[in-house]
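*Asks:* Okay, structure incoming, though there's no sequence with it:
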Ligand code: SF4
């Protein structure tokens, strides 16, 4: 027998969230292959942030939880979901519900935040607490340019920390990964780059691409 949704869960399924962009499958934003969503809106404004286009709270586009889940389900080979930004903790309610559904499918959740875990816990916000309970690996702290350090996977400065909030991942899992960049030529002709690398590497990639374009 098909179970009917309760009115409350039906409503939440159509809840809106504001995102900047997403990539269906990436290997550069957490363990294994992942569905990665850049949330829209961030108040941290870290000097040297590579994603400053995600800062405006009213930028990006809106999407329902239902639609985001449908996009996510197009790539069942993914190990899980990564949420970054922008600041995911500005939209804790819909993201907590999204992550609950991801976990129900046996997949993992990785979240990057510009807040520290201590700051999040001190907020005393039940929605933030509930969202934290849905996260396997939390990577916290703002990007601090003076502490730039690309020696650890997926993070840009040495103050940022990995918090293993469930038993899904551990430090040994992290040690198995190195930073990488992914470059995609999109169907609209634009080039999309995600991942992490130092400025010299990025500049040399741009030069190679410019030369290719000239040929
Ligand atoms: S928290 Fe992240 S998205 Fe926000 S300004 Fe800092 S680096 Fe950029």
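*Replies:* Thanks, I have the structure now. These numbers come from a predicted model, not from an experiment.
*Asks:* Next to the ligand in this structure, residues from the protein, please.
*Replies:* Where proximity means Cβ under 6 Å from any ligand atom, the interface of the chain facing the ligand comprises 42, 44-46, 49, 51, 54, 85-87, 114, 142-143. The C-beta positions use only the backbone N, C-alpha and C, and glycine is treated the same way.
*Asks:* how about the residues you listed in CSV, adding pLDDT and secondary structure?
*Replies:* Listed next are the residues of the chain next to the ligand as CSV, based on pLDDT from 0 to 100; DSSP: H, G, I helix; E, B strand; the rest coil:
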residue, pLDDT, secondary structure
42, 97, coil
44, 95, coil
45, 96, coil
46, 96, coil
49, 93, coil
51, 91, coil
54, 96, helix
85, 88, coil
86, 93, coil
87, 97, coil
114, 98, coil
142, 97, coil
143, 96, coil
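*Asks:* Show me what residue of the protein gets nearest to the ligand.
*Replies:* With distances taken as Cβ to the nearest ligand atom, the chain approaches the ligand most closely at residue 114, which sits 2.5 Å away.
*Asks:* what sits against the closest residue to that residue other than its chain neighbours?
*Replies:* Of all residues beyond its chain neighbours, the one nearest residue 114 is residue 44 (3.8 Å), with distances taken as Cβ to Cβ, 6 or more residues apart in numbering. Taking Cβ atoms under 8 Å, 6 or more residues apart in numbering as the criterion, residue 44 is in contact with 87, 114, 142.
*Asks:* Name the helix or strand for residue 63, please.
*Replies:* strand 61-64 (DSSP states H and E).
*Asks:* Just the residues contacting the following helix or strand past that strand, thanks.
*Replies:* Under the assignment DSSP H and E, the closest C-terminal helix or strand after strand 61-64 is helix 65-72. Residues external to helix 65-72 that are found in contact with it (Cβ under 8 Å, 6+ apart): 12-15, 17, 19, 22, 24, 35, 37, 78, 81, 94, 97-98, 101-102.
*Asks:* What of stretch 48-58?
*Replies:* Judged by Cβ under 8 Å, 6+ apart, the contacts made with stretch 48-58 from elsewhere in the structure are 18, 20, 38-43, 45, 59-60, 85-86, 90, 143, 145, 148, 156.
*Asks:* Separate out the buried members of the residues you listed.
*Replies:* Neighbour-count burial (16 or more other Cβ atoms under 10 Å) applied to those gives 18, 20, 38-42, 60, 85-86, 90, 143, 156.
*Asks:* The longest strand belonging to the chain vs helix 65-72, what angle?
*Replies:* With secondary structure taken from DSSP state E, the chain has its longest strand at strand 16-26. Regarding strand 16-26 and helix 65-72, their directions subtend 10 degrees when assessed with axes from the mean of the first three to the mean of the last three Cα atoms, to 10 degrees.
*Asks:* could you give the mean pLDDT of strand 16-26?
*Replies:* This predicted structure assigns strand 16-26 an average pLDDT of 95.
*Asks:* After it, which helix or strand is next?
*Replies:* Secondary structure here is assigned by DSSP H and E; on that basis, the next helix or strand after strand 16-26 toward the C-terminus is strand 34-39.
*Asks:* Right, I'll call it a day here.
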